[in-house]
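Visitor: sequence unknown, structure follows:
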Ligand SMILES: O=C[C@H](O)COP(=O)(O)O
């Protein structure tokens with residue numbers, strides 16, 4: 001399950017985040033940069049206010065000296081937080097620092113933050129795992145330079161979460177994220193997605209938390225409890241004949257047409273080592289929800305493009321059938337997609353186009369399965 005982390009700077013903001021369902025309350029001073037620490041007295045006040053209703057995390061400004069770093073962490077732990085986050089230094093002594101913090105891993109969940117826009121070194125992840133860290137989080141250092149998703153593709157982010165999973169580290173994603181990014185990031189299987197700007201009025205991370213903005217982000221990250229309740233309610237209404245079963249006149253079509261990309265494809269020897277044009281046509285049949293100009297109602301075509309890019313990033317694929325199957329599978333991971341038609345055509349082998357067209361439906365048992 002993907003948890004929602006909300007960065008707050010006061011006890012009042014923590015209350016708003018709690019009221020609208022944030023899973024982790026993260027103490028941070030947005031005025032002091034991407035990973036600005038709050039004074040420890042303020043962190044302690046937030047911890048007292050939250051009063052164990054949800055876990056609280058705090059940021060520690062990492063002093064360069066190892067002994068001082070240990071002391072800074074000890075002080076943060078005394079506030080009662082459950083998680084401590086810090087920026088993993090991009091210096092050669094990062095592994096030494098990580099090892100020095102290892103004894104603290106028994107007392108608090110240590111989370112190392114790597115900045116996606118500062119050439120993060122993923123080779124450091126195994127050292128974090130060896131030191132007993134709880135997790136690693138990708139964030140952006142310079143918020144003005146774009147969102148996490150502009151800096152790393154969904155495919156690259158999935159590789160990060162996968163590497164974390166293999167190392168038994170929790171994987172977090174953050175970085176100037178906006179509401180439409182949420183469904184795109186859910187497919188990475190991140191354990192935590194973190195927000196500040198998206199929770200504030202006008203998306204300005206230095207403004208106060210806005211209740212409707214927090215509620216929107218919460219609604220975009222499904223919780224298991226929500227799904228179960230929704231499913232139970234829907235089934236009982238169908239059984240009593242109050243609403244039509246799924247598939248009867250309650251779907252819309254979200255499509256991506258004539259999306260042409262160069263890719264390495266084909267089973268012949270002469271098709272290896274260079275790209276050829278491939279055209280994608282994808283029609284996803286999605287459950288219709290109340291029509292409104294609201295992000296909650298949207299299944300985005302971005303998600304389809306992300307899935308294509310992710311498949312292409314894997315390198316040469318021999319069969320267009322394989323591409324079509326993988327694409328259909330990725331699109332069907334999204335909760336609201338009932339069925340999908342995928343057409344994949346090679347444009348450079350004949351005067352017209354050759355390829356395959358498949359239609360796949362969500363299996364009845366997996367209708368509610370969550371993206372993983
Ligand atoms: O830890 C999460 C961050 O506070 C994210 O902040 P942001 O959404 O403004 O980049």
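Guide: It's in. Quick caveat, the model's predicted, so the values are computed rather than measured. Numbering: from 1, shown residues only.
Visitor: alpha carbons only for contacts and neighbour counts from here, please
Guide: Noted.
Visitor: which residues of the stretch 201-350 of the chain score low on pLDDT?
Guide: Low-confidence segments of the stretch 201-350 of the chain (pLDDT under 70): 224-249, 290-293, 297.
Visitor: so which residue is smack in the middle of this structure?
Guide: residue 185 (3.2 Å; CA atoms, centre = their mean).
Visitor: tell me the strands beside whichever strand or helix holds residue 345, with direction?
Guide: Per DSSP states H and E, residue 345 falls inside strand 337-346. Strand 337-346 has the following strand partners under DSSP bridges: strand 276-287 (antiparallel), strand 354-361 (antiparallel).
Visitor: who touches that strand?
Guide: Contacts with strand 337-346, where a contact means CA atoms under 8 Å, 6 or more residues apart in numbering, come from 247, 276-287, 320-321, 323-324, 327-328, 331-332, 353-362, 367.
Visitor: repeat that for stretch 131-138.
Guide: In this structure, residues lying in contact with stretch 131-138 by CA under 8 Å, 6+ apart are 98-99, 101-103, 105-106, 109-116, 125, 128-129, 164, 169-175.
Visitor: list buried residues within the residues you listed.
Guide: Among the contacts of stretch 131-138, those classed as buried by 16 or more other CA atoms under 10 Å are 98-99, 101-102, 105, 109-116, 125, 128-129, 164, 169-175.
Visitor: hmm, back to that, so of the contacts of stretch 131-138, which ones are in helices?
Guide: Using DSSP state H, the subset of these located in helices is 98, 99, 101, 125, 128, 129, 164.
Visitor: how about whichever residue of the stretch 201-350 of the chain sits closest to the ligand, secondary structure?
Guide: Nearest residue of the stretch 201-350 of the chain to the ligand, counting by CA to the nearest ligand atom: residue 205, 5.0 Å away. State at residue 205, reduced to three classes by DSSP: H, G, I helix; E, B strand; the rest coil: coil.
Visitor: show me what contacts it?
Guide: By CA under 8 Å, 6+ apart, the residues touching residue 205 are 30, 196, 197, 198, 199.
Visitor: ok, back up a step: ok, the ones in helices among the contacts of stretch 131-138 vs residue 308, which is closest?
Guide: Nearest to residue 308, judged by CA to CA, of the ones in helices among the contacts of stretch 131-138 is residue 164 at 23.1 Å.
Visitor: correct me if wrong: the closest one contacts residue 127.
Guide: No - in this structure, residue 164 is not within contact of residue 127 by CA atoms under 8 Å, at 11.6 Å.
Visitor: one step back: which of the contacts of residue 205 are close to the ligand?
Guide: 196, 197, 198 (CA under 6 Å from any ligand atom).
Visitor: no further questions, thank you.
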